[in-house]
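[1] Build me a model from this:
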Amino acid sequence: MQLEHQLAILKVAGSLQKSGEVMKLVNQLARLPELSLSMQQMSMEMTKAGIMEEMIGDTMEMMDDDDIEEAADEEVNNVLFQITDGLLGEAGPVGPILETRPAQEEEEEEEEEEEGPELDMMQKRLQALKG
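    Have a look, this model is predicted:
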């Protein structure tokens, strides 16, 4: 029984010795001071990136102003009005087919639909622009 007990103690001592050697090797590989320095540099870079991201977000919010969009839309409409010599304002809405059309126009459109939907849409737009 004492021999078994001593054999168990020797096995435990051998295991402790091996784990000590493994810990030494890991300590040499890890190099704690270098790892600490790397972590500090990474923290600083991440902080810089966060500040930059926040500044860019604030700038984008400032640029996203409704007044600027309305002014841009108004300027585009003015330019289009000048280019078309005022015909753009008289054209009326271009979009879905209106329900209140004479029967003759509907018959003409049915004939045109046989030619193809693309040609039909282009002719409707042209008629709307002509007034």
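[2] remind me, longest helix of the chain?
    helix 32-63 (DSSP state H).
[3] Which SSE is immediately downstream of that helix?
    Following helix 32-63 in sequence order, the next helix or strand is helix 66-83 (DSSP states H and E).
[4] what's that next one packed up against?
    Where contact means 3 or more C-beta pairs under 8 Å, 6 or more residues apart in numbering; DSSP states H and E, helix 66-83 is packed against helix 87-90. Using the backbone N, CA and C atoms, a C-beta is placed for each residue, glycine as well.
[5] In the protein, where is pLDDT below threshold?
    Counting by pLDDT under 70, the chain shows low-confidence ranges at 64-66, 86-116.
[6] mind checking how far K48 is from L3?
    Between K48 and L3 the computed distance is 66 Å (C-beta to C-beta, to the nearest Å).
[7] Equivalent analysis for V22, please.
    Separation of V22 from L3 (C-beta to C-beta) stands at 29 Å.
[8] Comparing these two, which residue is more hemmed in?
    V22 (10 against 7; other C-beta atoms under 10 Å).
[9] Now do the SS call for the more buried one.
    helix (DSSP: H, G, I helix; E, B strand; the rest coil).
[10] what about G14, is that helix, strand or coil?
    Assignment for G14 (three-state DSSP): helix.
[11] Just give the number of residues close to I9.
    I9, neighbours per other C-beta under 10 Å, totals 10.
[12] Distance of it relative to S19?
    Separation of I9 from S19 (C-beta to C-beta): 16 Å.
[13] got it, and G57?
    As judged by C-beta to C-beta, G57 and S19 stand 51 Å apart.
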